[in-house]
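K.L.:
following is a predicted model, sequence given first.
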Amino acid sequence: MSRLVVVSNRVADPETQASGGLAVCILQGLRQHGGLWFGWNGLIVEEESDIRVACTRHDNVTMATMPLTERDFQEFYLGYCNKGLWPVFHYRLDLARFTQENSESYRAVNNRFAESIAPLLRQSDLVWVHDYHLIPLAAGLRARGAANRMGFFLHIPFPPPDVLVAMPEYEWLINSMLEYDVLGFQTKTDHANFCRFVFGFMGGEMLSKDTLLVSGKRLTVSVFPVGIDVDDFASMAQTPEAEMRIQKLHRRGEARVNIIGVDRLDYSKGLPDRLRAFKRFLELFPHHHKAVTLMQIAPPTREDIQAYIDIRHELEALSGQINGEFGDYDWTPVRYVRRSIAQETLAALYRGSHVGLVTPLRDGMNLVAKEYVAAQDANDPGVLVLSRFAGAAEDLEEALIVNPYDADEVAQAIQRAIVMPRKERITRHRALMKRIRARDGRKWMESFISALVADRGPDDLHPTT
Ligand code: G6P
């Protein structure tokens, strides 16, 4: 079996598995396959000359990590990746900023990654690159002679062509995607957006369902919806400790009904819109006052970027406003928690909440939606209210699907979720469990890897294979 080399900007800590569902999922797959994980170690050094690659081994997984310089952090990570690509790919051209320095830094960091990874590669390695930080990595590796099979998976949405072309250098970026053998997207919508671009702007054509021919290159382009380890998450929600946490939540909270939202504090998550919808719910259904609480957990992220500072202020003003207007000495309608919470605690909070409110304005997949479902008690499950703009909505049809921009619609869905009869909740939950099991983390990993190893036959046009 070929060795798997995974490259991503963020890596998980193999000792503590401390960095969330996705990284843990990759780690589990790497453990099965054996392999190397290359990425940023989260540290910042002053000078480029201070950068060293450090390798550590954990069973059959080698972690190879290196720091970024302060300048890379500002111009590559915050600049090009998160002030440029992130907003464009989330359809937010109004927030996108591009500068020459940031663009140069993006190229330079990708080149440095390629330079550091190339000597570690064996001929038969499968290379799997993750997310928007590292789109041109394959091009850098190919320029250094690597002829390996390489795949790229985009965790975030891919925008429609009209949005993409507003970005400077979009042609360069898309051309660099064509250096991979396999391109993976979260949803059919993302896949279709990409294909519309290559058909319309580059004269590409599909040779079969998943095989694209463009600029003389043939590549596999497909949908691989990311998932979670359902049993693992479900069992986390059922431990005696989880039980204690749930009882504490119900005892401490003044309300009988808990609604939960868990999101990085990011403008793509639609948090102010969610609070406005909750306010509308309180206006429309006053008999729920003192009975319902929204717990919003929102760990801060990318805090140096103005758009993130603004969204935090907006969220804090709104939660204060709602609590001031509707709250009482014995009831706080919005419980806003601005820190990250351990997975085990989250699993318990999900299980103890009657409604999971997942209403991003645009999201690649959204694993919180799947985790909420996995954590529910099968005999008395809660109800998932899910934005139609989350990738997860393409599959999770039995959730209450809403338009997050429409406060009235979301308010009505919250009401419907709260009063939904147990029988209907059980039927919906069963169907949702079936769906998240059918597309779990293992399936995601295995199907991407099979696409990567697939032999495409003698008529393969890729110049480097
Ligand atoms: C999204 C991206 C990931 C990223 C994560 C956290 O899920 O798809 O690539 O790692 O957000 O963001 P951060 O900027 O902290 O890495």
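P.N.:
Thanks, I have the structure now.
K.L.:
quick one, domains of the protein?
P.N.:
4-227+443-453, 231-438 (the TED database).
K.L.:
which among those domains is found nearest to the ligand?
P.N.:
The ligand lies closest, by CB to the nearest ligand atom, to one member of those: domain 4-227+443-453, at 3.7 Å. Bear in mind the C-beta positions are built from the backbone N, C-alpha and C, glycine included.
K.L.:
mean confidence for that closest one?
P.N.:
What domain 4-227+443-453 shows for mean pLDDT is 94.
K.L.:
could you do stretch 315-335 as well?
P.N.:
On average, stretch 315-335 scores 97.
K.L.:
and stretch 242-252, by the same measure?
P.N.:
pLDDT averaged over stretch 242-252 gives 84.
K.L.:
got the buried residues for that stretch?
P.N.:
A242, R245, I246, L249 (16 or more other CB atoms under 10 Å).
K.L.:
now do the SS call for K279.
P.N.:
helix (DSSP: H, G, I helix; E, B strand; the rest coil).
K.L.:
distance-wise, check it relative to A399.
P.N.:
For K279, the distance to A399 equals 22 Å [CB to CB, to the nearest Å].
K.L.:
neighbour-wise, which of those two wins?
P.N.:
A399 (28 against 21; other CB atoms under 10 Å).
K.L.:
follow-up on the earlier one: will you turn the domains of the chain into TSV that also has distance to the ligand?
P.N.:
As requested, these are exported to TSV (distance: least, CB to the nearest ligand atom, whole Å):
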stretch	distance to the ligand
domain 4-227+443-453	4
domain 231-438	5
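K.L.:
which two in the buried residues of stretch 242-252 are spaced the farthest apart?
P.N.:
With distances taken as CB to CB, the most widely separated pair in those is A242 and L249, at 10.4 Å.
K.L.:
shared neighbours, the two?
P.N.:
A348 (CB atoms under 8 Å, 6 or more residues apart in numbering).
K.L.:
in the chain, which strand has the most residues?
P.N.:
Using DSSP state E, we find that the single longest strand of the chain is strand 35-45.
K.L.:
in it, what counts as buried?
P.N.:
The neighbour-count check on strand 35-45 (16+ other CB under 10 Å) flags G35, L36, W37, F38, G39, W40, N41, I44, V45 as buried.
K.L.:
bridged to the fourth one, which residues?
P.N.:
When bridges are called by DSSP bridges, F38 pairs up with V7, A64.
K.L.:
how near is it to I418?
P.N.:
F38 sits 47 Å away from I418, taking CB to CB as the criterion.
K.L.:
the longest helix belonging to the chain: which residues count as buried?
P.N.:
If you go by DSSP state H, the chain has its longest helix at helix 306-326. Within helix 306-326, the residues that count as buried by 16+ other CB under 10 Å are A307, Y308, I311, R312, L315, L318, S319, I322, N323, F326.
K.L.:
what packs against it?
P.N.:
Helix 306-326 is packed against helix 271-284, strand 334-337, with contacts defined by 3 or more CB pairs under 8 Å, 6 or more residues apart in numbering; DSSP states H and E.
K.L.:
among those, single out whichever gets nearest to M206.
P.N.:
helix 271-284 (36.5 Å).
K.L.:
just how off-centre is that closest one within its chain?
P.N.:
25 Å (CA atoms, centre = their mean, to the nearest Å).
K.L.:
gap between the next helix or strand after that helix and the chain center?
P.N.:
Next helix or strand after helix 271-284 toward the C-terminus (DSSP states H and E): strand 292-297. Distance of strand 292-297 from its chain centroid, counting by CA atoms, centre = their mean, is 22 Å.
K.L.:
for strand 292-297, which residues meet the burial criterion?
P.N.:
Those buried within strand 292-297 under the rule 16+ other CB under 10 Å are V292, T293, L294, M295, Q296, I297.
K.L.:
now swap in stretch 2-21 and tell me
P.N.:
By neighbour count with 16+ other CB under 10 Å, stretch 2-21 contains the buried residues S2, R3, L4, V5, V6, V7, S8, N9, V11, A12, P14, G21.
K.L.:
the fifth one reaches R31, doesn't it?
P.N.:
Put plainly, it is V6. No. The pair V6 / R31 is not scored as a contact, 11.5 Å apart, by CB atoms under 8 Å.
K.L.:
leaving out chain neighbours, which residue sits closest to N403?
P.N.:
E409 (5.5 Å; CB to CB, 6 or more residues apart in numbering).
K.L.:
could you report the pLDDT at the one you found?
P.N.:
98.
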